[in-house]
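Trainee: Just to be clear, the model below is a prediction. Sequence and coordinates:
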Amino acid sequence: MPRTQMLIGADWIEAGDRATFPSHDPATGKVIAELISAGPADVDAAVHAAAEAFDDWAAIVPAERARLLLRVADLVEQHADELARLETTDQGQPLPISAGFAIPMVINQFRYHAGWATKLTGITVDVSIPDIDYRTRREPLGVCALITPWNFPIMLLAFKLAPALATGNTVVIKPAEQTSLSTIRLAELCREAGLPPGVVNVVTGGPSVGRALVEHPGVAKISFTGSTEVGREIAATAGRSLKRVSLELGGKAPSVITADADIDAAVAGNLMGGLLNSGQVCAAYTRFYVARRKADEFTEKLAAGAAAQVLGHGLDPKTQLGPLVSAEQAERVDSYVRLGEAEGATLVTGGHRADGDGYFYQPTVFAGVTDSMRIAREEIFGPVLSVIPYEDEDELNLVARANDTDYGLAAVIWSTNIRTANRIARRIRAGSVYINMPPLLDPAAAWGGMKASGLGRENGFDAIEAFTEVKSIWTAL
Ligand code: NAD
């Protein structure tokens, strides 16, 4: 049985007379753990524990902070198999995704950001005032609230936790209520690595726990990954108290397939980009703008590839596609599919929940989708792919259609003409544009959204900036 207590300061908090809620294996619908619903007093205690630990943690010499982060990475590596199985059982993603992608990314995040701990610099500037020495320092912000979603729980936490700690902040983590188990285990490994009590705290529960953190006066910064709707609410609340915020929000990535594209490569890459984690990916490729003369071939091959996916429990080695995370998410996806039919799109394959226990959904392809349909405009977060043929070879018009969305997280262009691909890439309004490849991530590569897809960037030096503030120090000579 995985640990289900909350971590506040040095203490693992038991449920006692607090309310609890179940966590399910989405492939079977069975309850695998009972988690604590934190109350306002728990949130307050966690923020105080983080605040109390802050001065000492920020003052630890950088080399020691780096050593501790490297130790966390080593422990995650030693427990990689256990963590991958835990993530798969709680979230549903097939083991090759948790073991081959998510957990290695956690390890890489801690190693990459451990490097930054010893490389933070300020500058000296010759200001134009006589007899003044002027320099800057990059300083941590204080207590940071890290609020995460359910699609890649431990990996997306590492995007925040590693840079927050590397730069000397302390944190209170609020994982998604559907998938808290790997977060609690990572916090346990952080303690085992030797991180002092209070540097990492975890409170579990639903939206009210996140809200209490966002409103808490002791929190200096909120780093949130989740839906655009909640991101807007957080930004509004944080705006009133002028807390720092980073927001990684929803997406509706266009995939442009030009007439000269390698269709087989495009189909393979789009199946991966569109169906990874059953489409529960913020960067998922979901609306395919395909040159008319290639549209039939592309749709046929995409549908055949989608229909051939093997659905099953993520721990089963034959599985290619796991379940959706919850019954609620399966309902939501199904309602979008019904909407697509009602809007007049042509269902080519899939279109229903799969038989059996668990929250499985058949990979679904729609043809004949138009720009204005809601399935082409709203984030579905499931295995639903929409093909939108285009007649007009005018690049500007094509780019305008791809950009005709509130979102701006990711986009991809499939073309054998590198000039065409790069011209389109420059004009697309998205934080990350890929050419002839699925949406990969790297700790050194900036990640984040334009427009309603977010505010700020994670990874690379952007993450260091997001968790620090620049102080000017002036000295009269
Ligand atoms: P969500 O917004 O419902 O919840 C995210 C987290 O916020 C959860 O921990 C939840 O409990 C908490 N929360 C909910 N309401 C809150 C409130 N009012 N105040 C504070 N916290 C609150 O999102 P989700 O359904 O868990 O995740 C799916 C969404 O996340 C999708 O829109 C997806 O695109 C987005 N996402 C974005 C990225 C990215 O990098 N841009 C990555 C993964 C997921």
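Mentor: Received the coordinates, thanks.

Trainee: can you list the residues of the stretch 201-350 of the chain near the ligand?
Mentor: 206-207, 210-211, 214, 225-227, 230, 233-234, 248-251, 282 (Cβ under 6 Å from any ligand atom). Heads up, the C-betas are built off the backbone N, CA and C, glycines and all.

Trainee: Return a ChimeraX selection command for the buried portion of these.
Mentor: A single ChimeraX command selects the buried members of these (16 or more other Cβ atoms under 10 Å):
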select :210,211,214,225,226,230,233,234,248,249,250,251,282
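
Trainee: Show me the residues of the stretch 201-350 of the chain next to the ligand that map onto helices.
Mentor: 207, 210-211, 214, 230, 233-234 (DSSP state H).

Trainee: Can you pull the phi/psi pair for the residue in the stretch 251-400 of the chain that the ligand sits nearest to?
Mentor: Ranked by Cβ to the nearest ligand atom, the top residue of the stretch 251-400 of the chain for proximity to the ligand is Cys282, at 3.2 Å. With angles defined as degrees, to the nearest 10, Cys282 sits at phi -60, psi -30.

Trainee: Let me know how buried Leu396 is, in neighbour terms.
Mentor: The tally of other residues near Leu396 (other Cβ atoms under 10 Å) stands at 11.

Trainee: Return the distance of it relative to Ala73.
Mentor: Relative to Ala73, Leu396 is positioned 46 Å away (Cβ to Cβ, to the nearest Å).

Trainee: before we move on, what about Gly142?
Mentor: Distance from Gly142 to Ala73, by Cβ to Cβ: 25 Å.

Trainee: Tabulate the ones in helices among the residues of the stretch 201-350 of the chain next to the ligand in a markdown table, adding columns for distance to Asn151.
Mentor: Listed next are these as a markdown table, based on distance: Cβ to Cβ, whole Å:
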| residue | distance to Asn151 |
| --- | --- |
| Pro207 | 17 |
| Gly210 | 16 |
| Arg211 | 21 |
| Val214 | 21 |
| Val230 | 14 |
| Glu233 | 19 |
| Ile234 | 18 |
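
Trainee: Out of those, flag the one nearest to Ala84.
Mentor: Gly210 (26.3 Å; Cβ to Cβ).

Trainee: All the strands of the stretch 251-400 of the chain, residue numbers only.
Mentor: Here the stretch 251-400 of the chain has its strands, by DSSP state E, counting those that start in this stretch, at 253-257, 285-291, 346-349, 364-367, 384-390.

Trainee: Would you mind listing the buried residues in stretch 59-66?
Mentor: Here stretch 59-66 shows 60, 62, 65-66 as buried, counting by 16+ other Cβ under 10 Å.

Trainee: Hmm, I typed the wrong one, I wanted stretch 11-24.
Mentor: 13, 18, 21, 23-24.

Trainee: Which ones among those map onto strands?
Mentor: In strands, defined here by DSSP state E, the members of the buried residues of stretch 11-24 are 13, 21, 23-24.

Trainee: Tell me how far the residue in the chain that the ligand sits nearest to lies from Leu181.
Mentor: Per Cβ to the nearest ligand atom, Gly210 is where the chain lies closest to the ligand, at 2.2 Å. The gap separating Gly210 from Leu181 is 18 Å, by Cβ to Cβ.

Trainee: Just the terminal-to-terminal distance for stretch 253-267.
Mentor: Using Cα to Cα, to the nearest Å, the end-to-end distance of stretch 253-267 comes to 16 Å.

Trainee: same check, this time on stretch 452-465
Mentor: Span of stretch 452-465 from end to end, Cα to Cα: 21 Å.

Trainee: quick check: mean pLDDT across it?
Mentor: On average, the pLDDT along stretch 452-465 is 98.

Trainee: And for stretch 82-93?
Mentor: For stretch 82-93, the per-residue pLDDT averages 98.

Trainee: buried sites along that stretch?
Mentor: For stretch 82-93, using 16+ other Cβ under 10 Å, the buried residues are 83-93.

Trainee: same check, this time on stretch 281-297
Mentor: Using 16+ other Cβ under 10 Å, the residues of stretch 281-297 that count as buried are 281-291, 294-295.

Trainee: Run through the residues that contact Gly273.
Mentor: Gly273 is in contact with 253, 255, 283-285, 412, 434, 438-439, counting by Cβ atoms under 8 Å, 6 or more residues apart in numbering.

Trainee: could those residues go into JSON lines alongside pLDDT?
Mentor: Shown next, in JSON lines, are the contacts of Gly273 (pLDDT from 0 to 100):
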{"residue": "Ala253", "pLDDT": "98"}
{"residue": "Ser255", "pLDDT": "98"}
{"residue": "Ala283", "pLDDT": "98"}
{"residue": "Ala284", "pLDDT": "98"}
{"residue": "Tyr285", "pLDDT": "98"}
{"residue": "Val412", "pLDDT": "98"}
{"residue": "Tyr434", "pLDDT": "98"}
{"residue": "Pro438", "pLDDT": "96"}
{"residue": "Pro439", "pLDDT": "97"}
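
Trainee: from those, which two are the most distant?
Mentor: Ala284 and Tyr434 (12.2 Å).

Trainee: Asn417 and Asp262 touch, don't they?
Mentor: No: with contact defined as Cβ atoms under 8 Å, Asn417 does not count as touching Asp262 (11.0 Å).

Trainee: Next up, the contacts around Tyr62.
Mentor: One correction, residue 62 is Pro, not Tyr. Pro62 neighbours (Cβ under 8 Å, 6+ apart): 117-118, 120.

Trainee: In helices, which of those fall?
Mentor: Ala117.

Trainee: is it true that Glu14 touches Arg3?
Mentor: No: the pair Glu14 / Arg3 is not scored as a contact, 10.9 Å apart, by Cβ under 8 Å.

Trainee: The residue lying closest to Met450 once chain neighbours are set aside is in what secondary structure piece?
Mentor: Nearest residue to Met450, sequence neighbours excluded (Cβ to Cβ, 6 or more residues apart in numbering): Gly408, at 3.3 Å. Assigned by DSSP states H and E, Gly408 falls within no helix or strand.

Trainee: go on, the one 5 residues further on?
Mentor: The secondary structure element spanning Ile413 is strand 410-414 (assigned by DSSP H and E).

Trainee: Tell me the confidence at the spatially closest residue to Val125 that is not a sequence neighbour?
Mentor: Once flanking residues are discounted, Val125 sits nearest to Tyr134: 5.3 Å by Cβ to Cβ, 6+ apart. Reported pLDDT at Tyr134 in the predicted model: 98.

Trainee: Name the SS class of Tyr134, please.
Mentor: strand (DSSP: H, G, I helix; E, B strand; the rest coil).

Trainee: Touching, it and Ile473? I think so.
Mentor: Yes: using Cβ under 8 Å, Tyr134 is in contact with Ile473, at 7.4 Å.
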